[in-house]
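**Student:** Build the 3D model from these lines:
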Amino acid sequence: MYLEDRIYFDNAATTQIDPQVLEAMLPWLQNQYGNPSSIHGHGRVVKSAIEQARKTVASLLNTSPSEIFFTSGGTEADNTAIRSSIETFNLTHAITSPLEHHAVLHTLEFLDKQGVVKLSLVNVDAKGHVDLAHLEELLRTNPRSLVSLMEGNNEIGNLLDLNAVGGLCAQYNAIFHSDTVQTVGHLRHNLQQLDTHFIVGAAHKFHGPKGVGFLYVNNKAKVNPFIYGGSQERNMRGGTENVYGIIGLAKALEIAYRDMDAHRAHIEGLKKRMIAQFVEKIPGVRFNGDSANLERSNYTVLNVCFPPSDISDMLLFNLDIAKISVSGGSACSSGSDVGSHVLGAINVASNCSNARFSFGKYNTEAEIDYTVQTVADLFAVNV
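**Tutor:** Take a look at the predicted model:
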């Protein structure tokens, strides 16, 4: 199937790999094949490349290389932060929100069901923002808790103030983990200025390869390993490293930071253009959460609630026929008949036809115009 003539607005699910990233990876796929745990020359060359990649990531995030651990992606990194911190620090209470990615929410719900921790859900407002007053109330009652709250929501794009939450967690001696998968590579993070114990990244969210990510572990919160079976990653993650993936991740993050200001200006322009055209061409259109508020949402995500019509149930299918790839929610649940837990938590009307448009650096204004007109035409003949 040839995809060159298709429009791709599902960058929150995964992004197109940057050609510069692929170029950086190829030598480690073709020629530099040594096992980095081996002590011979082949292994030492590869080990050195991994450590250079670690230094690159740490430098961009303004932290120490000793605090960066490579993983298979965001889900493993989230699970490691949650399960290992609960085990290491003997935590009995956890706080999260009903809007979290399932890598966090399902993990904590399982631990609650098993009796490992008691789980509390912090309140969110009608737009999907965390109620910080309620969070402080929960922390006051349960001061030594694990707090896991995402910085950028993967469905509605809402942004969390990491400084505000980190300050509360520090005040009440809580452990703070943030799923930053949707923001790493799109927003700058200075870990010397954040009161976070754990953040995570996944390369395929910022034009790197799939199957590789990282976990930042603050030196003040050293935890037990999540995966045993080897001494890799300084005894924190057993298993032979995904060498070319790690090389690709570091290169992708380097490019993301180098070009971030220009790409942000470009992508914000696309998002503004889509919002304005939807408002103009489709009466009754609304935007879920705070995704249309550029001050309070990630510039890469727009979640749209279209008015009820005969095509509501078939909107994504019709867009796919028109060669436009978008999502109805979290791509990690694609194929499921279960509705979005995020939209359900903020009481989005059940008769809405919802679509998440997520943008990347390769999208164009022409693609915005074509997509909006296609949706408008669909609704014009089916109202």
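**Student:** Can you tell me what sits against the strand or helix carrying residue 377?
**Tutor:** Assigned by DSSP states H and E, residue 377 falls within helix 365-380. With Cβ atoms under 8 Å, 6 or more residues apart in numbering as the test, helix 365-380 has contacts from 7, 9, 269-270, 273-274, 277-278, 281-282, 306-307, 309, 311, 315, 318-319, 322, 324, 357. For glycine as for every other residue, the C-beta is placed from the backbone atoms N, C-alpha and C.
**Student:** what do you get for stretch 271-290?
**Tutor:** 127-129, 153, 155-158, 292, 294, 296-297, 299-300, 302-307, 342-343, 346, 348, 352, 354, 357, 359, 365, 368-369, 371-373, 375-376, 379.
**Student:** So which of those belong to helices?
**Tutor:** Among those, the members found in helices (DSSP state H) are 342, 343, 365, 368, 369, 371, 372, 373, 375, 376, 379.
**Student:** just to revisit the earlier point, mark which of the contacts of helix 365-380 are buried, thanks.
**Tutor:** Buried subset of those (neighbour count, 16 or more other Cβ atoms under 10 Å): 7, 9, 270, 274, 277-278, 282, 306-307, 309, 311, 315, 319, 324, 357.
**Student:** Can you tell me which of those is nearest residue 120?
**Tutor:** Of all the buried ones among the contacts of helix 365-380, residue 120 sits closest to residue 357, with 33.0 Å by Cβ to Cβ.
**Student:** Please give me every residue in contact with that closest one.
**Tutor:** 9, 274, 301, 302, 303, 304, 326, 371.
**Student:** circling back to that earlier point, so can I have CSV of the ones in helices among the contacts of stretch 271-290 showing neighbour count, pLDDT and distance to residue 202?
**Tutor:** Below are those laid out as CSV (neighbours: other Cβ atoms under 10 Å; pLDDT from 0 to 100; distance: Cβ to Cβ, whole Å):
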residue, neighbour count, pLDDT, distance to residue 202
342, 27, 94, 18
343, 24, 92, 23
365, 12, 98, 28
368, 24, 98, 26
369, 13, 98, 31
371, 23, 98, 26
372, 20, 98, 29
373, 12, 97, 33
375, 28, 96, 29
376, 16, 95, 34
379, 21, 86, 34
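**Student:** How much space separates residue 244 from residue 57?
**Tutor:** Per Cβ to Cβ, to the nearest Å, residue 244 is found 15 Å from residue 57.
**Student:** quick one: buried residues of the top helix by length along the chain?
**Tutor:** Determined from DSSP H, the single longest helix within the chain is helix 243-281. Going by neighbour count (16+ other Cβ under 10 Å), the buried part of helix 243-281 is 243-257, 260, 263-264, 266-267, 270-271, 274-275, 277-278.
**Student:** where do the helices sit along the stretch 51-200 of the chain?
**Tutor:** 74-88, 102-113, 132-141, 162-171 (DSSP state H, counting those that start in this stretch).
**Student:** Could you single out the most deeply buried of these?
**Tutor:** helix 74-88 (a mean of 23; mean count of other Cβ atoms under 10 Å).
**Student:** which parts of stretch 14-25 are buried?
**Tutor:** The neighbour-count check on stretch 14-25 (16+ other Cβ under 10 Å) flags 14, 15, 17, 18, 21, 22, 24, 25 as buried.
**Student:** do stretch 180-196 as well
**Tutor:** Within stretch 180-196, the residues scored as buried using 16+ other Cβ under 10 Å are 180-187, 189, 191, 194-196.
**Student:** which one among these gets closest to residue 169?
**Tutor:** Nearest to residue 169 among the buried residues of stretch 180-196, with distances taken as Cβ to Cβ, is residue 195, at 6.3 Å.
**Student:** Distance of that closest one relative to residue 177?
**Tutor:** Residue 195 is 12 Å from residue 177, by Cβ to Cβ.
**Student:** Equivalent analysis for residue 126, please.
**Tutor:** 26 Å.
**Student:** Between the two, point out the one with more neighbours.
**Tutor:** Each of residue 126 and residue 177 has its neighbours counted (other Cβ atoms under 10 Å); residue 177 has more, 29 against 9.
**Student:** list the contacts for the more buried one?
**Tutor:** Residue 177 touches 78, 81, 82, 85, 146, 147, 148, 196, 197, 198, 199, counting by Cβ under 8 Å, 6+ apart.
**Student:** Next up, the contacts around the fourth one.
**Tutor:** When the contact criterion is Cβ under 8 Å, 6+ apart, the partners of residue 85 are 91, 146, 175, 177, 197, 198, 221, 223.
**Student:** 10 Å instead, please
**Tutor:** Going by Cβ atoms under 10 Å, 6 or more residues apart in numbering, residue 85 touches 91, 94, 146, 148, 175-177, 197-198, 217, 221-224.
**Student:** Residue 217: neighbour count?
**Tutor:** 24.
**Student:** isn't it right up against residue 84?
**Tutor:** Yes: in this structure residue 217 lies within contact range of residue 84 using Cβ atoms under 10 Å: 8.7 Å.
**Student:** Find the residues that touch each one of those two.
**Tutor:** 198, 223, 236.
**Student:** May I see the buried residues of whichever strand or helix holds residue 44?
**Tutor:** Remark: residue 44 resides in helix 41-61, with elements defined by DSSP H and E. Under the neighbour-count criterion of 16+ other Cβ under 10 Å, helix 41-61 has 46, 47, 49, 50, 53, 54, 56, 57, 58, 59, 60, 61 buried.
**Student:** Regarding stretch 14-34, how distant is the last residue from the first?
**Tutor:** With Cα to Cα, to the nearest Å applied, stretch 14-34 spans 29 Å between its terminal residues.
**Student:** heads up, I number from 368, so please use that
**Tutor:** Sure thing, new numbering starts at 368, so read that last one as stretch 381-401.
**Student:** returning to what we had before: quick one: name whatever helix or strand follows the longest helix of the chain.
**Tutor:** strand 653-654.
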